[in-house]
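Colleague: predicted model follows, preceded by the sequence.
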Amino acid sequence: MPSLPALDPRDWIAGLEKGLHIIEAFDAAHPRLTATETGDRCGMTRTAARRYLKTLVHLGYVGTDGKLYWLMPRILRLSHSYLESARLPRLVQPFLQRITSGTEEIAYLAVLDGGDTVFIARSGMQRHTVSGYMPGTRVPAQVTAAGMIMLANCDEAFVDEWLLSNELQAFTSFTLPTKASLRHVLVGFKRQGWAVHEQQLELNFRGIAVPLLDRQNQVHGAISITMPINREETDNALNRVLPVLQEAAQSLRPLL
């Protein structure tokens, strides 16, 4: 994935960085926080955290009962703005529809963000509308076919830094157990140009993915399909869906 450009210190706005850290302090394990807890998670004093929280309350992004703080639905405006304005989801969406028409499976567009695969677009049959990943869903990259094929197509220095910065989590007995085994699998995925990842996040589920590469072989994301394993054997699934994914990725290549 492309690295972030260097920033002149004169252009750095520390208050914006701290405000975003406050927002990111809330997650599934920490849905409600005091000012002290927020400060601890963000590396700032209670007084500073309280000021940022009160500003976010005033703007409607955070709610409070006077002691605890939590995110409000208004925060979704931030992600909605990305999904509405970003070029990649709009560019890929018709191809996802084409993949679904050709396979009768849900098709996804994903990008890599830190240690996570983030699904930013999807298509699906009407019967699939309440299943699968919704746009905005984040999943550890190690357990998704999309995340693994994106990592496989990043340069070696990026992968080294990624492995150093991210701890692997075990979700099933099939989850890749070590960074050495993950690196070995990445080499195979890079060589073959696609990824199949089975029972890594949930038992009895398989992911198949191909990278979205531009003409300079820079990876911009991945398109993928996730399906139950008990429906068909791996080879049959690959024969059925992989050519459709590859055709879409090849068609998108000159547009990226």
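Modeller: Nice, I can see it. Just so it is clear, the structure is predicted and the values come from calculations on it, not from any experiment.
Colleague: distance from the chain centre to stretch 118-127, please.
Modeller: For stretch 118-127, the gap between its own C-alpha mean and the chain's C-alpha mean amounts to 14 Å (CA atoms, centre = their mean, to the nearest Å).
Colleague: again with stretch 161-171
Modeller: For stretch 161-171 - counting by CA atoms, centre = their mean - the centre lies 14 Å from the chain centre.
Colleague: pull out the buried positions in it.
Modeller: W162, L163, N166, L168, F171 (16 or more other CB atoms under 10 Å). Just so you know, the C-beta spots here come from the backbone N, C-alpha and C atoms, and that holds for glycine as well.
Colleague: as TSV, these with pLDDT and distance to A222 would be great.
Modeller: Listed next are the buried residues of stretch 161-171 as TSV, based on pLDDT from 0 to 100; distance: CB to CB, whole Å:
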residue	pLDDT	distance to A222
W162	94	15
L163	94	19
N166	92	17
L168	92	19
F171	95	19
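Colleague: closest to A249 among those?
Modeller: W162 (22.1 Å; CB to CB).
Colleague: and the buried residues of stretch 161-171, which of them are in strands?
Modeller: Per DSSP state E, strands hold no members of these.
Colleague: return the member of the residues you listed nearest to T55.
Modeller: N166 (31.5 Å).
Colleague: so that closest one touches D116, yeah?
Modeller: No: using CB atoms under 8 Å, N166 is not in contact with D116; the gap is 9.1 Å.
Colleague: what is the neighbour count of V62?
Modeller: V62 is flanked by 23 other residues according to other CB atoms under 10 Å.
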